[in-house]
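Student: the amino acid sequence is not available; the structure is as follows:
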């Protein structure tokens, strides 16, 4: 994937305009990758946000073939319906934001853009606009006809994938099936090879229960649901170990792994957010395009104050560039 | 608690004799605290283990008032029924191990010993002997008539307590009650003050569901079960915040906490085992005595080979000494 793509741009969607996304994007000016970025946002809103925060950023119109200069950001204008006010969500703007996302996806699919980086949207206000939206990942999977998107968090060499994502805890055990875990493992394995360029990836799989069920004393799913999924993948030639107790899986005792598959959100994310605070990046696997995102929300309470930390956006842009071979 | 206790000993139970506990205890010889330790074990077994591992340790009989010298370990002899063989569990020895534990507890309760440190037992073989045993914590709580023992893991300044411990994941949501969480918070708060000498402890409480339920979109227990428990404790004057998303609770964004209360095993332990690998210590709160333990198991597969890492036992002994004011 890396070779021959260096002339293409990364596209960054600025996210909810009442949140911190736009001001984080402004921080990308003059970064090492600035000349290879296209921001999708309301250009006037972005210019205004720069002015009010006294950030010396010139907003220029994106044109394929020309790069922004020093102090400039290339923006593909996606006008909002109403003027965006920091901290105040407005459902009238929701469709515009999704249109911007669609434009970004189309550009990635056509080869115009090398990868997609997303700043956060606010699910609730999009739903208030009467549009069904349960998150970027699901939206992108739908748009690209992908059955099994896989959420992967990356912080340096630590990579944590999830077998289930945003479910109430009590719904997790019934959600997990052998077939579903096999699908996730196949996507994870394939994308570690194709996107992360790891020849023969090693994956550790966590158990569902404490101590991975301790031989059935603490639950049966580990042996009855998870172990057969691992066995099926191993017999298909993949290097996969588990189910391991989750409190062993992330320690040196577990040995090397290119990725660790946690069974649910709070089994895996607290570790990687602790380990990679401020620079963890969310990567959606299973899509035909490369997509990374920040690991935080819209932070409406501090939007427009210039205090938001752009570390995660920088990390997301840098990882997208690396994965796309820029 | 610290003052005036410096003449008392720490008592260390050597744990399952087919496992690594005895050889880890041998490593304590000549440590900074060696003169203040009493090991409870079969003295002959311990001497033999030292000989076979070529460890220059003399086993001397514990006598109150006299301390072991250089190269010596004081042992309170608790004879086994059968000769212990590394890696081979023997249910004939189970009662002896529990008798040793009882002797240790009695010594702590009477003031003979300052604190208890336990090496791991093997639950299954004790159960095979026809003795109901679901773990040190439950055994000690029973023996000391303690309704709510609380499992706390400590690694440096990071302290993680659990609202539920060894349950199948699917049993966790129904197990948690407002009254139960209040009891755990009261024990945690009281022992942070009395044992850890923290004047006005601050506690962060994790939600049960991802994103602490995201306003009810991802589960209701966070608002219906956990929030009322926090409110009750706060109105009683405790500094408690939450429920916080577990993937925020362990990051700097969550602010200072003297302890973090996770709702279940794999929400909290993977983080602290990752953060404090090899030196995390398990402390049982709610007991009338101070008790610490290693954070690993019997490791039957490497017992007798001299390769086991005594880092966690050293950390458990050092923390017990610190908490007991030695």
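Tutor: Ah, there it is. The model shown is predicted, which means the values in this text are computed figures rather than measured ones.

Student: and residue A:159, what element?
Tutor: Secondary structure here is read from DSSP states H and E; on that basis residue A:159 sits in strand A:158-162.

Student: for that strand, packing partners?
Tutor: Here strand A:158-162 touches strand A:150-155, helix A:178-194, strand A:259-262, helix A:265-275, going by 3 or more CB pairs under 8 Å, 6 or more residues apart in numbering or on different chains; DSSP states H and E. Any C-beta I mention is one placed from the backbone N, CA and C, and that applies to glycine too.

Student: wait, doesn't residue A:183 sit right on residue A:148?
Tutor: Yes. Between residue A:183 and residue A:148 a contact is recorded at 4.5 Å, counting by CB atoms under 8 Å.

Student: ok, the two, which is more surrounded?
Tutor: When residue A:183 is set against residue A:148 and neighbours are counted by other CB atoms under 10 Å in any protein chain shown, the residue ahead is residue A:183, at 17 against 14.

Student: quick revisit: so which of the helices and strands packed on strand A:158-162 gets nearest chain B?
Tutor: Using CB to the nearest CB as the criterion, the shortest distance between chain B and the helices and strands packed on strand A:158-162 is 3.8 Å, found for helix A:265-275.

Student: quick check: angle from that closest one to helix B:265-275?
Tutor: Using axes from the mean of the first three to the mean of the last three CA atoms, to 10 degrees, the interaxial angle of helix A:265-275 with respect to helix B:265-275 works out to 20 degrees.

Student: contacts (any at all) between chain B and helix A:265-275?
Tutor: Yes. Shown here: helix A:265-275 in contact with chain B (CB under 8 Å from any CB of the partner chain) through A:265-271, A:273-275.

Student: mind putting those residues into CSV with pLDDT and neighbour count?
Tutor: Shown next, in CSV, are those (pLDDT from 0 to 100; neighbours: other CB atoms under 10 Å in any protein chain shown):
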residue, pLDDT, neighbour count
A:265, 97, 25
A:266, 98, 29
A:267, 98, 32
A:268, 97, 27
A:269, 96, 28
A:270, 97, 30
A:271, 98, 30
A:273, 95, 25
A:274, 95, 23
A:275, 94, 21
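
Student: tell me the one among these nearest to residue B:170.
Tutor: residue A:267 (13.7 Å; CB to CB).

Student: can you pull the contacts of the closest one?
Tutor: Taking CB atoms under 8 Å, 6 or more residues apart in numbering or on different chains as the definition of contact, the neighbours of residue A:267 are A:206, A:246, B:266-267, B:270.

Student: measure it to residue B:218 for me?
Tutor: According to CB to CB, to the nearest Å, residue A:267 and residue B:218 sit 15 Å apart.

Student: now do residue A:320
Tutor: 28 Å.

Student: neighbour count winner among those two?
Tutor: Neighbours were counted for residue A:320 and for residue B:218 using other CB under 10 Å; residue A:320 has more, 27 against 22.

Student: let me know whether the more buried one touches residue A:117 as I believe.
Tutor: Yes. At 5.0 Å, residue A:320 counts as touching residue A:117 under the criterion of CB under 8 Å.

Student: common neighbours of these two, please.
Tutor: Contact criterion CB under 8 Å, 6+ apart; residues shared by residue A:320 and residue A:117: A:10, A:291-292.

Student: ok, the contacts of residue A:267 vs residue A:49, which is closest?
Tutor: Distance ranking of those against residue A:49, using CB to CB, places residue B:267 first at 37.5 Å.

Student: contacting residues for residue A:90?
Tutor: Shown here is residue A:90, whose contacts under the criterion CB under 8 Å, 6+ apart are A:18, A:82, A:84, A:125.

Student: how near is it to residue A:17?
Tutor: Counting by CB to CB, the gap between residue A:90 and residue A:17 amounts to 8 Å.

Student: between those two, which contacts overlap?
Tutor: Taking CB under 8 Å, 6+ apart as the criterion, residue A:90 and residue A:17 both touch residue A:84.

Student: what residue ranges in chain A score low on pLDDT?
Tutor: Residues of chain A that meet the criterion pLDDT under 70 lie in A:1-7.

Student: in it, which spans are helices?
Tutor: Across chain A, reading from the start of the chain, the helices by DSSP state H fall at A:21-26, A:43-52, A:94-110, A:123-128, A:136-143, A:172-175, A:178-194, A:221, A:227-235, A:246-249, A:265-275, A:311-323.

Student: quick one, the fifth one and strand A:150-155 angle?
Tutor: Right, the one you point to is helix A:136-143. Comparing the axes of helix A:136-143 and strand A:150-155 via the same axes, to 10 degrees yields an angle of 140 degrees.

Student: is stretch A:130-139 anywhere near chain B?
Tutor: No. With CB under 8 Å from any CB as the measure, stretch A:130-139 is seen stopping short of chain B, the closest distance being 9.1 Å.

Student: circling back to that earlier point, minimum distance to residue B:152: which of the helices of chain A has it?
Tutor: Evaluated with CB to CB, the helices of chain A place helix A:246-249 nearest to residue B:152, the distance being 14.5 Å.

Student: which outside residues touch the closest one?
Tutor: Applying CB under 8 Å, 6+ apart, the external contacts of helix A:246-249 come out as A:204, A:206-207, A:210, A:212, A:242, A:254, A:257, A:260, A:262-263, A:267-268, B:265-266, B:269-270, B:273.
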